[in-house]
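*Asks:* here is my input; please provide its structure:
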Amino acid sequence: MRDVRNSRTAKTKEEGDLPGEWVAYGKLLQHLRKQAGMNQQALGDAIGYSQEQVASVEQGRRAAKEAFTVAADQTLASGGLLQVLQADVDRAKLPRFFRNFALIEAEAMSRFSYDPLLVPGLLQTEPYARALFASHCPPLSTDVIDQHTEARLSRQKLLTRDPMAELSFIIGEEALRNPVGGAALMRGQWQHLLEVGMLHNVEIQVMPAGNGFHVGLDGPFVLMETKQLRRLGYIESQEIGSVVSDPAEVSTFGLRYGKLRSQALNVEGTARLIEQLLGET
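*Replies:* Next up is the predicted model:
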């Protein structure tokens, strides 16, 4: 009897750990499928997924990728109902501590950030992001690595979103020279930075190494402005993130970012440095 109770408890805990967004999406998918008179196998065959994959999505155990959602919406003639939930499904793939910030970030009209040690998530290539998650301590499962990587890449829609957001990135030179994942991976990352830097709403600057003291030595931070013209900050360390809303503290972030911008290489100098790194490898 004790084993039965323990099994039920474990099952309840596992179900409770499922993101609510995935569960809601799955219930809607199941409703639309039944309404269309299809079983899971038929839907899977129609959209190019297995019956097990469809079942996992319906049960909220697996997050639907955008390609799955687009195909399911078309096959079930749902008028884009599933697509409405896709952003929430993607956000639930992110680490829990980061989700509130990601919700604000997705709607930001401007976003300025300083990242001294790593290329910022919005500018990472898929291999770079995956290499970081694969090196997580404690180790992450393959499924979680996939989910976090997909979610990070999904956030990059902010780069080309309409209406466009004003985006500024200051990256420490150490972040560019740190061979995350090896030389070949970094070449792809440097090339990607040059390409993204050509977007007219994006500015990328590098803070040179060896400049002595500057106001960014206290660590990374983000400064954002919302649609309601509210300014917010964000700081993160060791997977603990905090949204800063106090006007005085946010004002200090703005002052520091202005100083960092003046001390960093300008956009043209940054491009030349990245081109130099590409030429050295």
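
*Asks:* flag every buried residue along stretch 98-107.
*Replies:* Applying a neighbour-count criterion of 16 or more other Cβ atoms under 10 Å, the buried positions in stretch 98-107 are F98, R99, F101, A102, I104, E105, A106. (C-beta placed from N, C-alpha, C; glycine too.)

*Asks:* want to try a markdown table for those residues, with secondary structure, distance to L153 and pLDDT as columns?
*Replies:* Formatted as a markdown table, the buried residues of stretch 98-107 follow (DSSP: H, G, I helix; E, B strand; the rest coil; distance: Cβ to Cβ, whole Å; pLDDT from 0 to 100):
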| residue | secondary structure | distance to L153 | pLDDT |
| --- | --- | --- | --- |
| F98 | helix | 14 | 93 |
| R99 | helix | 16 | 91 |
| F101 | helix | 17 | 94 |
| A102 | helix | 13 | 94 |
| I104 | helix | 19 | 95 |
| E105 | helix | 14 | 96 |
| A106 | helix | 14 | 93 |
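
*Asks:* tell me which two of the residues you listed sit farthest apart.
*Replies:* The widest separation within the buried residues of stretch 98-107, taken as Cβ to Cβ, falls between F98 and A106 and amounts to 12.1 Å.

*Asks:* G20: which of the buried residues of stretch 98-107 is nearest?
*Replies:* Where the buried residues of stretch 98-107 are concerned, and distances follow Cβ to Cβ, G20 has its nearest neighbour in R99, at 11.4 Å.

*Asks:* excluding chain neighbours, what is closest to the closest one?
*Replies:* Ranked by Cβ to Cβ, 6 or more residues apart in numbering and with sequence neighbours excluded, the top spatial neighbour of R99 is R91, at 5.8 Å.

*Asks:* from what I can see the one you found touches A102, true?
*Replies:* Yes. In terms of Cβ atoms under 8 Å, R91 counts as a neighbour of A102; the distance is 5.4 Å.

*Asks:* now for those two: what residues contact both?
*Replies:* Taking Cβ atoms under 8 Å, 6 or more residues apart in numbering as the contact criterion, the residues that touch both R91 and A102 are A151.

*Asks:* what lines up beside the helix or strand hosting E236 in the sheet?
*Replies:* With secondary structure defined by DSSP states H and E, E236 is part of strand 231-237. In the sheet containing strand 231-237, its partner strands are strand 221-225 (antiparallel), strand 240-244 (antiparallel), by DSSP bridges.

*Asks:* name the next helix or strand downstream of the last one, please.
*Replies:* Using DSSP H and E, the next helix or strand after strand 240-244 towards the C-terminus is helix 247-263.
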